[in-house]
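**Student:** Predicted model follows, preceded by the sequence.
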Amino acid sequence: MLPTPIINDIDYDRVYEPSEDSFLLLDCFEQEQGTLQSKLKGKLPIITEIGTGSGIVTTFILQNILQNGVYMTTDINPHACNQVLQTLKANGQNNKVDSLQMDLTGAIRSNLIDILIFNPPYVPAEEVPDIPDSNDDPTWLDVALLGGEDGMKITWKVLRNLDKILSSDGIAYILFCARNKPESIQEYMQSSGWKVDIILTRKAGWEVLSILKFYR
């Protein structure tokens, strides 16, 4: 088993704490290690995690899976953007990742990303919360959790733009809960020309989580 990154001094009131979904992503990339290293051999890949939270996933991939790559992380939450840099520093990986405050992949050039990772706000809710107006707002954590109807409002923004986000041979790893209806998403994306694999599925408390892999 590959080592889990050290996490220090997280403000749990504003930054998503590593949980079962985070650790499922770590297990996913440990399982995909050989595939990714073989596919990207001789290439300097662009690797982007959307919604980094604590930074545990990006740090794990950088430490253990793809040591040679250009890493850009994004989060709308400024506290998360700072936290990912702290986590990288705690694990001896400072100055190797650009942490960008933005909505999804907004300002990143089209068809640039080779590996995309997204643990979205997947919890169903009546609506997606508004982006707070100030860094001191106590509702930043809600933005990381609540995904509107079926928990899919934010995730669909990414899925419908994958063709513009990913490079020609890019791969996206996206996490879903059972209430997001991942089987239906798999069928829809396949009918739109994407190849979709279910990499891992795991019961986590009262929830069932799955990671789907999307590629051309």
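**Tutor:** Noted; the coordinates are in hand. Numbering: from 1, shown residues only.
**Student:** quick one: stretch 119-131 to chain centroid distance?
**Tutor:** Computed by Cα atoms, centre = their mean, to the nearest Å, the separation of stretch 119-131 from the middle of its chain amounts to 15 Å.
**Student:** For N161, see how far away the closest residue in space to E149 that isn't next to it in sequence is.
**Tutor:** Counting by Cβ to Cβ, 6 or more residues apart in numbering, P124 is the residue found nearest to E149 once chain neighbours are left out, at 6.7 Å. From N, CA and C alone the C-beta is placed, and that goes for glycine too. As judged by Cβ to Cβ, to the nearest Å, P124 and N161 stand 22 Å apart.
**Student:** can you give me the helices in the protein?
**Tutor:** 20-31, 33-39, 56-60, 78-90, 140-145, 153-159, 162-165, 182-191 (DSSP state H).
**Student:** on that earlier part again, contact partners for the residue nearest to E149?
**Tutor:** The neighbours of P124, taking Cβ atoms under 8 Å, 6 or more residues apart in numbering as the test, are G147, G148, E149, D150, G151, R179.
**Student:** and if we set it to 7 Å?
**Tutor:** P124 is in contact with G147, E149, D150, G151, R179, counting by Cβ atoms under 7 Å, 6 or more residues apart in numbering.
**Student:** and what of H79?
**Tutor:** D11, R14, V15, W140.
**Student:** which residues does the nearest residue to V97 once chain neighbours are set aside bridge with?
**Tutor:** Distances taken as Cβ to Cβ, 6+ apart place Y71 nearest to V97, at 4.1 Å, with adjacent residues excluded. Counting by DSSP bridges, Y71 forms beta bridges with I47, V97.
**Student:** Could you list the low-confidence segments of this structure?
**Tutor:** Within the chain, no stretch has pLDDT under 70.
**Student:** could you point out the longest strand in it?
**Tutor:** Counting by DSSP state E, the longest strand found in the chain is strand 166-177.
**Student:** Would you mind pulling the contact partners of stretch 80-91?
**Tutor:** So stretch 80-91 is in contact with 5-10, 15, 52-56, 58-59, 63, 73, 75, 94, 96-97, 99, 101, going by Cβ under 7 Å, 6+ apart.
**Student:** Please tell me how far it is from the chain's geometric centre.
**Tutor:** Averaging C-alpha positions (Cα atoms, centre = their mean) puts stretch 80-91 15 Å from its chain's average.
**Student:** ok, and for it, which residues are buried?
**Tutor:** A80, C81, N82, Q83, V84, L85, Q86, T87, L88, A90, N91 (16 or more other Cβ atoms under 10 Å).
**Student:** Closest to N119 out of these?
**Tutor:** A80 (11.5 Å; Cβ to Cβ).
**Student:** any idea how far that closest one lies from I171?
**Tutor:** 23 Å.
**Student:** before we move on, what about N64?
**Tutor:** 17 Å.
**Student:** what does T59 give?
**Tutor:** Taking Cβ to Cβ, one finds T59 at 19 Å from I171.
**Student:** So if I had to pick from these two, which one is more boxed in?
**Tutor:** Legend: neighbour count by other Cβ atoms under 10 Å for T59 and I171, higher for T59 (29 against 23).
**Student:** can you pull the contacts of the closest residue to that one other than its chain neighbours?
**Tutor:** Spatial nearest neighbour of T59, chain neighbours left out: P5 (4.1 Å); criterion: Cβ to Cβ, 6+ apart. For P5, the contacting residues are I56, T59, F60, Q63, T87, N91, by Cβ under 7 Å, 6+ apart.
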